[in-house]
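Peer 1: Quick check, what structure comes out for this input:
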Amino acid sequence: MVPSSSMTDSFGVRFQRIPAGEFLMGSAESPAALAQVFPHADPERLTELTDEAPVHTVRITRDFWMGATEVTVGQFRRFVESSGYVPESVRDGTGAYGFNPDYNPPNTERADLFDGRNPNYSWQHTGFAQTDQHPVVNVTWNDAMAMAKWLSQREGATYRLPTEAEWEYAARAGTRTRFPSSDSPEVLLTTANTFDRETALRWPRWREQAGQGSDGYPFTAPVGSFAPNAFGLYDMMGNVWEWCADWYGEDYYAQSPTADPQGPPEGDVRVRRGGSWHTWPLYSRVAFRNWNTPESRHLLGGFRLVRELPAGSP
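Peer 2: Modelled structure (predicted):
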C-alpha cells in the first residue's frame, strides 16, 4: 500500500491523498457465518443483508483527496456563518432529533429512537454535549452538498461527497476483514466509537447488542479520537454515519461497472456508510450498507468531504 500524502485547504479542512487502485467490494458472508460472530442478532435481519453481495472488483482510476476526519461542528458553523446558508432543520421549520433522557421510545406513537422531529433540535442543539471538534450531526444530504458546492467556489477546486465505492475503498485501505483491522467485533472497542456498554446504559433494551466493554464515548467523540487507518483516515467506522453521493440500489452490485462506479442513475434514498456512536457491531462492518432520504437529518448522521485532484495531476 503506497503511503498517502496530506494537505489542508485554506478553510482548514485536512485531506489525505487516496491512491488509485483496485479492491474487492462487498461481502459474501452467509447468515449462518454472521450468526456465529453475532449470536444476539435477529436471524431475520441476517437474511436481509443481501445488498452486500455479490463481492465484485472495483477499480478507482484516479487519486483523490478525502477528508481525514468527518466535518466538525466548528467547520460547519463557519460554513453557515460565511455563506449565509440555512440548514434544512432550520429552514423547513420541522427541526431535527435530540437526546432526551426522559424520552421512552415504546411509549411514543412513532417509537423513534430519539426525541423528534422537533424544532428545538438542530445541528446546533442535540441534547448532549458537543464541542467544535465533534462531528456535526442532524445534517441532511442536501446540507452536505451545499457545503461542498460553497467550498468548490471558495477554493477553486471540486468538492463533493465520496461515491459509495470510493468510501469503501478508503475505509478498507487494503484490507478484506469485517472491520478495518480485524474480523473480531471486539476490535471496535479500541478503534471506533460504536454502541458499547456505556451507551447501552441509556438504551438497556439493546444491551445484548452492545460491544463487551466501553470505547470511552457514550455519544459522539471528538474527530480523530482513535488511530487512523492505513490511508490516514480517522473514524471511517463509527462516530457518525457518512453521506455518500450515490443513490441507493439494493441490487446495484450485480450490475456495477468495474471502473469508478457512481451508483444508480436515480432513486429515492441516498447511501450512508460507516456506522455511528449508536450502531451495533453487526452494522459497523465495512461492507454494511445504509441509506436514508436526502432531506433526513439525525443524531447519528454527518458527512466527510472529497476534493478532486485537477485533471492531469501526477
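Peer 1: Helices of the chain, residue ranges please.
Peer 2: 31-37, 43-46, 73-83, 88-91, 141-155, 164-172, 188-191, 197-200 (DSSP state H).
Peer 1: Outside of the last one itself, list whatever touches it.
Peer 2: Applying CB atoms under 8 Å, 6 or more residues apart in numbering, the set of residues contacting helix 197-200 from outside is 206-207, 209-219, 277-278. No exception for glycine: its C-beta is placed from N, CA and C like everyone else's.
Peer 1: What is the nearest of those residues to residue 34?
Peer 2: Among the contacts of helix 197-200, residue 209 lies closest to residue 34 (CB to CB), at 13.3 Å.
Peer 1: For that closest one, give its distance to residue 272.
Peer 2: Distance from residue 209 to residue 272, counting by CB to CB, to the nearest Å: 19 Å.
Peer 1: Of those two, which one has the most company?
Peer 2: Neighbour count, other CB atoms under 10 Å: between residue 209 and residue 272, residue 272 has more, with 26 against 18.
Peer 1: Identify the bridge partners of that one.
Peer 2: On the basis of DSSP bridges, residue 272 is bridged to residue 243, residue 290.
Peer 1: Under the pLDDT cut-off, which ranges of the stretch 1-150 of the chain? List them.
Peer 2: Applying pLDDT under 70 to the stretch 1-150 of the chain flags residues 1-4, 106-111.
Peer 1: in it, which spans are strands?
Peer 2: For the stretch 1-150 of the chain, the strands defined by DSSP state E, counting those that start in this stretch cover 6-8, 14-18, 21-25, 56-60, 64-67, 96-98, 115-118.
Peer 1: looking at those strands, which is closest to residue 182?
Peer 2: strand 21-25 (17.5 Å).
Peer 1: State the paired neighbours of the closest one in the sheet, together with their directions.
Peer 2: Sheet partners assigned to strand 21-25 using DSSP bridges are listed as strand 56-60 (antiparallel).
Peer 1: Tabulate the CA atom coordinates of the strand it pairs with in PDB.
Peer 2: Provided in PDB are the C-alpha atoms of strand 56-60 (Å, rounded to 0.1, in the frame of the first residue of the first chain):
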ATOM      1  CA  HIS A  56     -17.100  -7.600  -7.100                       C
ATOM      2  CA  THR A  57     -14.000  -6.000  -8.300                       C
ATOM      3  CA  VAL A  58     -13.900  -2.200  -8.400                       C
ATOM      4  CA  ARG A  59     -11.100  -0.100  -9.800                       C
ATOM      5  CA  ILE A  60     -10.700   3.500  -8.700                       C
END
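Peer 1: which residues touch that strand?
Peer 2: Identification of contacts with strand 56-60 by CB under 8 Å, 6+ apart yields 18, 20-26, 165-166, 168-169, 253, 256, 258-261.
Peer 1: Drop anything exposed from these.
Peer 2: Among the contacts of strand 56-60, those classed as buried by 16 or more other CB atoms under 10 Å are 18, 23, 25, 26, 165, 166, 168, 169, 253, 256, 261.
Peer 1: thinking again about what came up before, could you say which of the strands of the stretch 1-150 of the chain is packed most deeply?
Peer 2: Across the strands of the stretch 1-150 of the chain, averaging neighbours per residue (mean count of other CB atoms under 10 Å) puts strand 96-98 on top, at a mean of 25.
Peer 1: Please determine how far residue 96 is located from residue 210.
Peer 2: 25 Å.
Peer 1: ok, back up a step: could you export the strands of the stretch 1-150 of the chain to JSON lines, including columns for distance to residue 296?
Peer 2: Compiled in JSON lines, the strands of the stretch 1-150 of the chain are given as follows (distance: least, CB to CB, whole Å):
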{"stretch": "strand 6-8", "distance to residue 296": "30"}
{"stretch": "strand 14-18", "distance to residue 296": "27"}
{"stretch": "strand 21-25", "distance to residue 296": "25"}
{"stretch": "strand 56-60", "distance to residue 296": "27"}
{"stretch": "strand 64-67", "distance to residue 296": "21"}
{"stretch": "strand 96-98", "distance to residue 296": "9"}
{"stretch": "strand 115-118", "distance to residue 296": "10"}
